[in-house]
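> Could you work out the structure for the sequence below:
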Amino acid sequence: MAETKPTDYTYAVFHQPNGKFPARVAKMLGFTDKQIEVGLLTPQIGNTYSGAVPLGLAAILDVAQPGERIFVVAYGSGAGADGFDITVTDNITSYDRKAAPLVRELMANKKMIDYATYAKFRGKIRMQEGEVS
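Next up is the predicted model:
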């Protein structure tokens, strides 16, 4: 057991099947909205199920500074239950964060599609020979 308290952490990321659940859990545990806002992506991109916590962590690591602590808890959606207490080291400054797009940059570069296009991509709609797609 880490024997820590919410104020020991700069950031926290929780399982996020929707936008309200992690906010409610954070509040119940004593975390602030500011601590979860960077890693809370579900309101913008939807439920990515077992990918939600790693994506939230990636968004946090895009901005985290040496010495900051991150509280990470994944549970449900195939994740089982895992908790991590991460302290960002000085090594993070040796990585070129601009070498690849940041999570928030990828999110800002989205392309919205309608349901018919989604259904076509998912194989729910099949074009007949001779039809124009």
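
> Going by C-alpha atoms from here, please, whenever you check contacts or count neighbours.
Noted.

> Which strand or helix spans Gly56?
Per DSSP states H and E: Gly56 is located in helix 52-61.

> element containing the residue lying closest to Gln44 once chain neighbours are set aside, please.
Nearest residue to Gln44 in three dimensions, chain neighbours excluded: Met107, at 7.9 Å (Cα to Cα, 6 or more residues apart in numbering). Assigning secondary structure by DSSP H and E places Met107 in helix 103-108.

> a strand runs through Gly83, doesn't it?
Yes - counting by DSSP: H, G, I helix; E, B strand; the rest coil, Gly83 is found in a strand.

> Show me what it bridges to in the sheet.
Note on Gly83: beta-bridge partners by DSSP bridges are Val73.

> now Val13
According to DSSP bridges, beta-bridge pairing links Val13 with Val72.

> Distance check, it against Tyr75.
From Val13 over to Tyr75 the distance is 11 Å, taken as Cα to Cα, to the nearest Å.

> could you measure the most centrally placed residue in the chain against Ala12, distance?
By Cα atoms, centre = their mean, the chain has its centre lying nearest to Gly56, at 2.3 Å. Counting by Cα to Cα, the separation of Gly56 from Ala12 is 9 Å.
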